[in-house]
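Engineer: let me see the structure of the following:
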Amino acid sequence: MRRRRSAPGRSGGLRAPGRRRCAVSAPGAHTGDRAGTEPSRKEAVLTEAVPTEAALTETVPTEAVPTEAVLTEVVLAEAVLTETGYAGQDAASAPHRAGRTPGATPGTTPGDGETTGAGAGEGAEPRRLRFAALGDSLTEGLGDPAPGGGWRGWAALLAAAAGPHPDEPVEFVNLSRSGALAADVADEQLPAARRTRPHLVSVVVGGNDTLRDSFDIHRVAEALDRTIGALRAEGAVVLTACLPDPGRMLGLPSALARPLGRRMRAVNTVVHALSQRHEAVHVELSDHTWVADRRAWSVDRLHPSELGHRLLAREFHSALRARSIATGAPPSLELDGPAPSRAASAWWMATRGTRWIADRCTDLLPGLVALAALEWRHHLKGTGHLLEDRDRRATLAALTVVTRGPAPAHLPHPLPHPPADPLIADTPPSAATMAG
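Structural biologist: Below you'll find the predicted structure:
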């Protein structure tokens, strides 16, 4: 085996072999509470105990002397950093950090013209699936603290189980960012993702757009079309999802819930149409029963708890299995620790929640108040249907642009999606347990 020279500025030290969780913090990952973001693990709301499954990973004792496999692993890690443009940087400061499924054997990163797997000949290393996650705080993992600090989230959990076969490794980079809009994904995250030449990419975004006073479904549609289209044109499998109604999750008054619901439906309609046009792997999240289960959400009710992230990961895994992309066991529902109590949530609200709410009020409240005031005025005059018609026309016009065709006579029905994970589909919100 030929040893490669370490990338400039990087240490040539070797670490003993061992397994590690396939979880990487996104750029700007947080290690503690930050104003304007979501609660930590103790702040999540899971009021009922969740029975555990077998542990997702099991630590393997490390060896004292580096082996040839370790040298291979180091060379591969350096190759990934070089490919993503972060060779020579400290791993903790590189936003494109690669992870691998626990227990995966090192393999050759496939490049242009390479043959890997069965087609590479006897003794060939398995192909390495590259998975890039794009989006906002939902994909960044807020609400699901990583055991070692920062955030983990559904995308990292999915990466640990997304390989075509259990023994095939997955390279994972999380490029999502808290607060990102659809345009941010197209302008900033898409170019970074393309540099990694991913095989699988998740594009889940749009919730933040609906909360902004500047919401424009045309701009959202254009940004999503640009992102999904570019990735599909390069041969990547793209994961998409439509999101739950924020008014339903937050229990907002009707004057605010109605316009936010219309906006979310507009975004979901566009995502449906683009998923169909670009043949993406689409997951319908907006109508699952667990969406209304308080245990699946953090105390802010905007981001999933650890359980919620695990449920999301299982949904995406089910969709990938339907396409024969993932064939292994789905992500576990076993939590890393006891579910935070109602008292812990109340303590967060009393100690740090006030600051969080104040930041959210400065950031979003003015626009939301204006939106609710307009809705209320039309409601009093009995002209609420005018707002419905306006939003419907805007959505149809956006569909005309992104589908490159004449305006549809009516809004399309949701796309068919793969059969849901029975565990997820059959567990009612009021159930006391979610058995694995």
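
Engineer: low-confidence stretches in the stretch 151-300 of the chain?
Structural biologist: For the stretch 151-300 of the chain, the stretches flagged by pLDDT under 70 are 164, 166.

Engineer: which parts of it are strands?
Structural biologist: For the stretch 151-300 of the chain, the strands defined by DSSP state E, counting those that start in this stretch cover 170-174, 200-204, 237-242, 281-284.

Engineer: sheet-wise, list the partners of the third one with their directions.
Structural biologist: This means strand 237-242. Strand pairing for strand 237-242, determined by DSSP bridges: strand 200-204 (parallel), strand 281-284 (parallel).

Engineer: tell me which of the ones you listed sits most buried.
Structural biologist: strand 200-204 (a mean of 27; mean count of other CB atoms under 10 Å). C-betas here are computed from N, CA, C, even on glycine.

Engineer: convert the C-alpha atoms of that one to PDB, please.
Structural biologist: The C-alpha trace of strand 200-204 is given here as PDB (Å, rounded to 0.1, in the frame of the first residue of the first chain):
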ATOM      1  CA  LEU A 200     -27.300  11.700  -2.100                       C
ATOM      2  CA  VAL A 201     -28.500  15.200  -1.100                       C
ATOM      3  CA  SER A 202     -31.300  16.300   1.200                       C
ATOM      4  CA  VAL A 203     -33.000  19.700   0.400                       C
ATOM      5  CA  VAL A 204     -35.400  20.500   3.200                       C
END
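
Engineer: who touches it?
Structural biologist: The contact list for strand 200-204, computed with CB atoms under 8 Å, 6 or more residues apart in numbering, reads 129-136, 138-139, 155, 158, 162, 185, 193, 224, 227-228, 231, 236-241, 243, 280, 316, 320, 325.

Engineer: picking that back up, reformat the strands paired with strand 237-242 as CSV; add distance to Gly148.
Structural biologist: Below are those laid out as CSV (distance: least, CB to CB, whole Å):
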stretch, distance to Gly148
strand 200-204, 22
strand 281-284, 28
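
Engineer: out of those, which is closest to Leu175?
Structural biologist: Leu175 lies closest to strand 200-204 among the strands paired with strand 237-242, at 9.4 Å (CB to CB).

Engineer: ok and the closest one relative to strand 170-174, angle-wise?
Structural biologist: Relative orientation of strand 200-204 versus strand 170-174 (axes from the mean of the first three to the mean of the last three CA atoms, to 10 degrees): 30 degrees.

Engineer: show me the contacts of strand 200-204 that map onto helices.
Structural biologist: Leu138, Thr139, Ala155, Leu158, Ala193, Leu224, Thr227, Ile228, Leu231, Phe316, Leu320 (DSSP state H).

Engineer: so which bits of whichever strand or helix holds Arg310 are buried?
Structural biologist: Assigned by DSSP states H and E, Arg310 falls within helix 306-322. Buried positions in helix 306-322, judged by neighbour count with 16 or more other CB atoms under 10 Å: 306-321.

Engineer: ok, now how distant is Glu279 from Pro198?
Structural biologist: Going from Glu279 to Pro198 by CB to CB, to the nearest Å gives 16 Å.

Engineer: how about Leu142?
Structural biologist: Distance, Leu142 to Pro198, by CB to CB: 23 Å.

Engineer: higher neighbour count, those two?
Structural biologist: More crowded of Leu142 and Pro198, by other CB atoms under 10 Å: Leu142, with 28 against 25.

Engineer: can I assume the more buried one sits in a helix?
Structural biologist: No: per DSSP: H, G, I helix; E, B strand; the rest coil, Leu142 lies outside any helix segment and is coil.

Engineer: ok, Ala162 - contacts?
Structural biologist: Neighbours of Ala162 in contact, by CB under 8 Å, 6+ apart: Thr101, Leu129, Phe131, Val170, Leu200, His317, Leu320, Ile325, Ala326.

Engineer: which of those lies closest to Arg219?
Structural biologist: Using CB to CB, Leu200 comes nearest to Arg219 of those, at 26.5 Å.

Engineer: identify the bridge partners of that closest one.
Structural biologist: Applying DSSP bridges to Leu200 gives these bridge partners: Phe131, Val237.

Engineer: still on that earlier bit, so which of the ones in helices among the contacts of strand 200-204 is the most crowded?
Structural biologist: Ala155 leads those on contacts (other CB under 10 Å) with 33 neighbours.
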